[in-house]
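Asker: show me how the following folds:
(one chain, ligands or ions: 2)
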Amino acid sequence: MRSWAEPYVPRLPGLGDLPSLHDTSTGTVHTTEVEGSRAGLYVCGITPYDATHLGHASTYLAFDTLLRAWRDAGVEVVYAQNTTDVDDPLLERAAATGVDWRTLADGQTDLFRSDMEHLAVVPPTHYVAVTEVVTDVADAVARLLDRGLAYPVPTDDSSAGDDLYFDVRRAERDTDWHLGLESRYDAETMARFFAERGGDPGRPGKRDSLDPLLWRAARDDEPSWPSVLGAGRPGWHIECTVIAQQHLDVPITVNGGGSDLVFPHHEMSTAHGTALTGRPYAAHHTHTGMIAYQGEKMSKSLGNLVKVSELVAAGRDPRAVRLALLSHHYRSDREWFDADLGDAEARLDRWRAWAATSHGGAVPVETPTPLLLALRAALGADLDTPSALLAVDAVVAGGASPSEVDVDAVQALLGIDLRA
Ligand code: 5CA
Ligand code: ZN
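Answerer: Ligands and ions are numbered 1, 2, ... in the order given. From the prediction side, this is the model:
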């Protein structure tokens with residue numbers, strides 16, 4: 001599927017170090033291990049029915065910062081992202097609003113692309129809709145069935161085939177994966193999140209309440225595709241496993257998303273991926289904090305959204321949106337306040353006035369400046385964007401006019417074009 005336009009990323013003198021990053025499965029910050037200067041990044045994409053709110057934006061900006069830090073360290077990044085363009089909440093929204101589900105998904109995906117362009121987010125190398133890989137998901141589920149790791153659960157509807165579930169207990173016996181490997185949650189937390197986040201613990205016929213859906217047999221009023229499993233559509237976790245493993249080397253260097261995906265989504269993608277390849281799924285699991293608004297997590301289901309497209313339509317500068325979101329650490333749960341944007345606009349004005357005094361010059365500077373070194377050090381330490389922004393503030397407040405390298409460094413590493 002088409003992604004979006006690549007922002008200009010200036011080349012900087014010298015190379016940064018490989019960034020260190022928090023890993024959910026160990027609870028520690030450590031260096032991202034990159035084999036042969038090539039990193040594979042998978043970030044879970046949107047479910048396109050109400051895009052793009054500032055929670056989504058902040059998650060994609062965190063991984064954009066990682067990608068920029070990696071590239072600055074000389075790493076070639078292969079980046080894959082999905083869109084969950086067929087799923088229960090999207091179908092429910094389509095039915096409730098009387099819009100065809102494909103029209104809804106296409107329109108919201110377009111909006112997301114334009115929001116990502118406004119925010120100068122580097123596009124994924126492979127942007128893949130779930131509807132593009134239904135046959136591949138069915139083939140993967142068939143392999144799990146052959147290995148005894150999937151099993152059928154009959155549906156109420158006699159015209160439908162069986163739904164297929166993943167056998168968590170069997171996977172714990174037959175593979176190197178076990179429950180809690182990635183999330184480190186206790187049993188009670190897992191049970192709660194499974195029920196809250198799209199799982200169906202009470203479905204009759206399941207072997208274990210935490211077994212996740214792999215394949216949903218066709219129902220009369222739902223979209224479905226023919227496959228080796230009969231007609232149906234993919235379960236949620238296996239879609240990300242299949243897309244990631246199609247486009248990235250195994251194990252993936254970093255598997256990422258918001259912290260609401262730690263369990264069950266990433267735990268189960270990891271289980272499926274380990275079962276399919278016999279190898280660990282990802283070397284690093286990284287999760288962003290949740291953005292709240294008016295006291296609650298910003299979410300499509302609650303409707304307490306601040307959307308990038310609405311801010312842009314109201315004439316707000318997307319660079320200020322970017323600065324406002326980067327002014328907090330990616331892992332902190334935090335609340336968005338409307339005044340945050342005004343503060344970021346004032347900061348952007350100060351930075352632009354400083355950049356306008358750049359002494360320019362035709363001679364390219366080949367030596368990293370102190371500001372570039374400070375930005376590299378901050379971002380290299382678990383993407384510490386608040387410290388990076390303070391480093392720029394300090395230089396701007398110092399009053400000395402910047403070199404071209406300073407202005408380039410802000411654009412390449414923080415994604416803020418101060419020349420426009
Ligand atoms: N399509 C699935 C992933 S396969 C999904 O979770 N879609 S989503 O549209 O709900 O979210 C897209 C991304 O934004 C996910 O990484 C999710 O963790 C993140 N996200 C959602 N809400 C917030 C929030 N309030 N704050 C920060 N990140 C969020
Ligand atoms: Zn996902």
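
Asker: what about Ala339, how many neighbours?
Answerer: 9 (other Cβ atoms under 10 Å). In this view, the C-beta of every residue, glycine as well, is placed from N, C-alpha and C.

Asker: contacts for the helix-or-strand element of the chain with minimal mean pLDDT, please.
Answerer: Here the helix or strand of the chain ranked lowest by mean pLDDT, DSSP states H and E is strand 296-297, holding a mean of 92. By Cβ atoms under 8 Å, 6 or more residues apart in numbering, the residues outside strand 296-297 that reach it are 55, 260, 290-291, 302, 304.

Asker: and what of stretch 153-173?
Answerer: For stretch 153-173, using Cβ under 8 Å, 6+ apart, the contacting residues are 141, 144-145, 148-152, 177-179, 203-208, 210-220, 229-232, 235, 237-238, 268, 271-272, 274-275.

Asker: so of those, which ones are in helices?
Answerer: 141, 144-145, 237-238, 268, 271-272, 274-275 (DSSP state H).

Asker: what about Leu372, how many neighbours?
Answerer: Residues near Leu372, counting by other Cβ under 10 Å: 25.

Asker: what about it, distance to Val410?
Answerer: 9 Å (Cβ to Cβ, to the nearest Å).

Asker: swap in Thr357?
Answerer: Remark: distance between Thr357 and Val410 (Cβ to Cβ) = 14 Å.

Asker: now do the same contact list for the residue of the stretch 1-150 of the chain found nearest ligand 1.
Answerer: Taking Cβ to the nearest ligand atom, ligand 1 has its nearest neighbour within the stretch 1-150 of the chain at Gly55, 2.3 Å off. Contacts for Gly55 (Cβ under 8 Å, 6+ apart) come out as 258, 290-291, 297-299.

Asker: picking that back up, next structured bit after the least confident helix or strand of the chain?
Answerer: Downstream of strand 296-297, the first helix or strand assigned by DSSP states H and E is helix 308-313.

Asker: so that next one, near ligand 1 or not?
Answerer: No - under the criterion of Cβ under 6 Å from any ligand atom, ligand 1 is not reached by helix 308-313; the shortest gap measures 12.3 Å.

Asker: can you tell me what sits against that helix?
Answerer: In contact with helix 308-313 (Cβ under 8 Å, 6+ apart) are residues 52-54, 57, 111, 114-115, 118-119, 318, 321, 341.

Asker: mind redoing it with 6 Å?
Answerer: 52, 57, 111, 115, 118, 318, 321 (Cβ atoms under 6 Å, 6 or more residues apart in numbering).

Asker: touching, the fifth one and Arg319? I think so.
Answerer: Looking back up the chat, that one is His118. No - using Cβ atoms under 6 Å, His118 is not in contact with Arg319; the gap is 9.0 Å.

Asker: for the helix or strand hosting Ala394, packing partners?
Answerer: Using DSSP H and E, Ala394 maps to helix 385-398. Contact here means 3 or more Cβ pairs under 6 Å, 6 or more residues apart in numbering; DSSP states H and E; on that basis helix 385-398 packs against helix 339-356, helix 370-380.

Asker: what are the contacting residues of the shortest one?
Answerer: Residues outside helix 370-380 that contact it (Cβ under 6 Å, 6+ apart): 16-17, 19, 69, 384, 387-388, 391, 395, 405-406, 409, 413.

Asker: avg pLDDT for it?
Answerer: Averaging pLDDT along helix 370-380 gives 97.

Asker: between it and helix 385-398, how many degrees?
Answerer: 170 degrees (axes from the mean of the first three to the mean of the last three Cα atoms, to 10 degrees).

Asker: give me the buried positions along helix 370-380.
Answerer: Across helix 370-380, burial judged by 16 or more other Cβ atoms under 10 Å covers 371-372, 374-376, 378-380.

Asker: next one: stretch 104-113
Answerer: Taking 16+ other Cβ under 10 Å as the criterion, stretch 104-113 shows 104-105, 108-109, 111-113 as buried.
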